[in-house]
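Asks: following is a predicted model, sequence given first.
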Amino acid sequence: MKSPAVSIAPPTSSLDVAVVFAVALGFYSLTLAPSVVWGDSAILSWRAFIGWSNFGTAADHPLFIFVGWLFTALPGDIARNVNFVSAVFGALAVMLVYQCGRQLGASRVAAMVGAAALCVSHAFWLHSVIAEVYTPNAFFVAATVSLLLSWRRHAYWGWLVAAAVTFAVGLTNHLVLATSGPGAL
């Protein structure tokens, strides 16, 4: 039996979503670390440069390494390009937080304020401007939630399948995503 669609909020404007993404990416690009910084940044940049991931341990973050390897083809400093991976995923996560707010019925202003608060929060901003796996993880959490909200609204099983696939792909970035599984269920 198909459950009736749940109407929560009007659809989000594509222009709104694009503006939120562009502003967040612009902010992160302007404040992007110019090269390698402390912590895992050096190892992640090196592995992205050589295109190597063990795939056998959770610490290798194969999705981030693969996307980082693709970004090393951009002109400029390789480490800065790998840092840019985090900026792109951070901006995507901020965009999805805005979209989730709208899907939950928040006004444009409220959703924008929530997304902006995430964008400039110290920890999230820090991980959005260096080579680190946390902003891709935030992206996959927000994408899974957004797809589940779409499933709830439209009652179409395709949204549920998309959420499950997104969640599974996100696990290749960081296994900590598994902790959000019970909430999604």
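Replies: Looks like it came in fine.
Asks: can you pull up the most central residue in this protein?
Replies: Phe139 (1.8 Å; C-alpha atoms, centre = their mean).
Asks: what sits against that residue?
Replies: Shown in contact with Phe139 (C-beta atoms under 8 Å, 6 or more residues apart in numbering): Phe89, Gly90, Leu92, Ala93, Leu96, Gly170. From N, CA and C alone the C-beta is placed, and that goes for glycine too.
Asks: what's the spacing between the helix or strand containing it and its chain's center?
Replies: Taking DSSP states H and E as the criterion, Phe139 maps to helix 134-154. Computed by C-alpha atoms, centre = their mean, to the nearest Å, the separation of helix 134-154 from the middle of its chain amounts to 9 Å.
Asks: who's in contact with the helix or strand just after it?
Replies: Downstream of helix 134-154, the first helix or strand assigned by DSSP H and E is helix 157-171. Residues from elsewhere that reach helix 157-171, judged by C-beta under 8 Å, 6+ apart: 63, 136-137, 139-141, 143-144, 147-148, 150-151, 177-178, 181, 184.
Asks: show me where pLDDT drops low in this protein?
Replies: Where the chain drops to pLDDT under 70, the residues are 1-11, 53-59.
Asks: all the helices of it, in order from the start?
Replies: All helices of the chain, identified by DSSP state H, fall at 14-30, 41-50, 62-71, 78-103, 108-120, 122-128, 134-154, 157-171, 181-184.
Asks: ok, and what's touching stretch 24-33?
Replies: Here stretch 24-33 makes contact (C-beta under 8 Å, 6+ apart) with 41, 80, 83-84, 86-88, 90-91, 94-95, 115, 119-120, 125, 128-130.
Asks: got the buried residues for that stretch?
Replies: By neighbour count with 16 or more other C-beta atoms under 10 Å, stretch 24-33 contains the buried residues Ala24, Leu25, Phe27, Tyr28, Leu32, Ala33.
Asks: ok, so of those, who is nearest Ala106?
Replies: Of all the buried residues of stretch 24-33, Ala24 has the smallest distance to Ala106: 17.4 Å, by C-beta to C-beta.
Asks: end-to-end on stretch 150-162?
Replies: Start-to-end span of stretch 150-162 (C-alpha to C-alpha, to the nearest Å) is 10 Å.
Asks: same check on stretch 97-110?
Replies: 11 Å.
Asks: work out the gap between that stretch and the centre of the chain.
Replies: That offset, for stretch 97-110, works out to 17 Å (C-alpha atoms, centre = their mean).
Asks: picking that back up, okay if I get the contacts of Phe139 as a markdown table plus neighbour count?
Replies: As requested, the contacts of Phe139 are exported to a markdown table (neighbours: other C-beta atoms under 10 Å):
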| residue | neighbour count |
| --- | --- |
| Phe89 | 25 |
| Gly90 | 28 |
| Leu92 | 20 |
| Ala93 | 27 |
| Leu96 | 26 |
| Gly170 | 23 |
